[in-house]
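Chemist: Please work out how this folds:
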Amino acid sequence: MSHSTFCEIPAGRIAYSRRGAGRPLVLLHPIGVDRSWWDEYIAVWAASYDVVAIDIRGHGESSAVTAPITLAEHAADIAAVLRKESLTGATLIGVSMGGMIAQRVAIQFPELVGGLILCGTAGGFPDEVRPRILARGDMNRQGSMTEVIDETITRWFAAETPRPDLIQKCRERLAADDWYSWSANWRAISLLDNLGELPGVSAPALVVAGDADASIPPAVSQKIADALPNSRFVVVPGAAHFGAFEMRDVFAAVFDDFLSTLAQ
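Modeler: Here you go, the predicted structure:
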């Protein structure tokens, strides 16, 4: 993990790193992991961009979640970091929960966002799905992360993963996670409801789905692209939920193609 800087927020602090120079990219990881998952991207992007990788609250070196939290509150955390670093017009790149939060930043703080890359993520869920998402954690008891690791790995990674090292990294990260933070963040995800507000987001957006994603089918991601007025939608063949990390070269090419179209 790269050197950490901290942004104070009312609920504690948000950890992040900033590296490189150029147009700002802000990287937002999935639930349960941390900003180190972006390291292979940062190694390349820092040559061309000003890259800020953030530990979402309840993750990595950021403060634990200690009370119910919403995606809107997570977005305010991200905005606090961007304001502290005097960044506007950033391209936000989010995978899964990171993509849900990126949408909220664009909705709530449009002046901070110049572009969006939303990967393996949703803009909302049918009501019948919400209880199943909520049940991935339980804020009312002190559970153990070991209960959820195997099922989570199965949902996130390709069965024949090209990166078994990442599965090991994910197991270790999840095992070290805080149960309440995990559960509270699943509750926040279960309440996801951005689709009605996305038509007001004018920033150019790329929505990327994996056609082997067991968590977020491409049709769910396509609803985001359909709601955003200035978007393109790409489906990556064979990609699982964590495809952006398992198949980095493939995803990096898709991301870089979009980044090259944004105003210099």
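Chemist: what's the burial count for R19?
Modeler: The burial count assigned to R19 is 16, neighbours taken as other C-beta atoms under 10 Å. For glycine as for every other residue, the C-beta is placed from the backbone atoms N, C-alpha and C.
Chemist: ugh, typo on my part, it should be P68
Modeler: By other C-beta under 10 Å, the residues close to P68 number 12.
Chemist: Spatially nearest residue to it, not counting backbone neighbours?
Modeler: Of all residues beyond its chain neighbours, the one nearest P68 is A184 (5.9 Å), with distances taken as C-beta to C-beta, 6 or more residues apart in numbering.
Chemist: Any buried residues in stretch 60-71, and which?
Modeler: Neighbour counts using 16 or more other C-beta atoms under 10 Å place G60, S62, S63, V65, I69, L71 of stretch 60-71 among the buried residues.
Chemist: Can you tell me how far A72 is from M100?
Modeler: Remark: distance between A72 and M100 (C-beta to C-beta, to the nearest Å) = 10 Å.
Chemist: So the two - more neighbours on which side?
Modeler: Using other C-beta under 10 Å, the more surrounded residue of A72 and M100 is M100, with 26 against 15.
Chemist: what's near enough to touch the more buried one?
Modeler: For M100, the contact set (C-beta atoms under 8 Å, 6 or more residues apart in numbering) comprises L71, G94, T121, A122, G123, I189, L192, N194.
Chemist: So the most centrally placed residue in the chain versus G120, what's the distance?
Modeler: Compute the mean C-alpha point of the chain, and by C-alpha atoms, centre = their mean the closest residue is G98, 1.6 Å away. Distance from G98 to G120, counting by C-beta to C-beta: 9 Å.
Chemist: Which residues outside the strand of greatest length in the chain are in contact with it?
Modeler: Longest strand of the chain, by residue count under DSSP state E: strand 12-20. Outside strand 12-20, the residues within contact range by C-beta under 8 Å, 6+ apart are 1-7, 35, 42, 45-55, 57, 60-64, 77-78, 80-81, 85.
Chemist: what packs against the helix or strand just after that strand?
Modeler: Per DSSP states H and E, the first helix or strand lying C-terminal to strand 12-20 is strand 23-28. In terms of contacts (3 or more C-beta pairs under 8 Å, 6 or more residues apart in numbering; DSSP states H and E), strand 23-28 is packed against helix 39-45, strand 49-54, helix 71-84, strand 90-95, helix 97-108.
Chemist: Strand 23-28: how far from the chain's middle?
Modeler: 12 Å (C-alpha atoms, centre = their mean, to the nearest Å).
Chemist: Give me the sheet partners of it and which way each runs.
Modeler: Paired strands of strand 23-28, with direction, are strand 49-54 (parallel), strand 90-95 (parallel) (DSSP bridges).
Chemist: Buried deepest among these, which one?
Modeler: Looking across the strands paired with strand 23-28 with neighbours counted as mean count of other C-beta atoms under 10 Å, the highest average goes to strand 90-95: a mean of 27.
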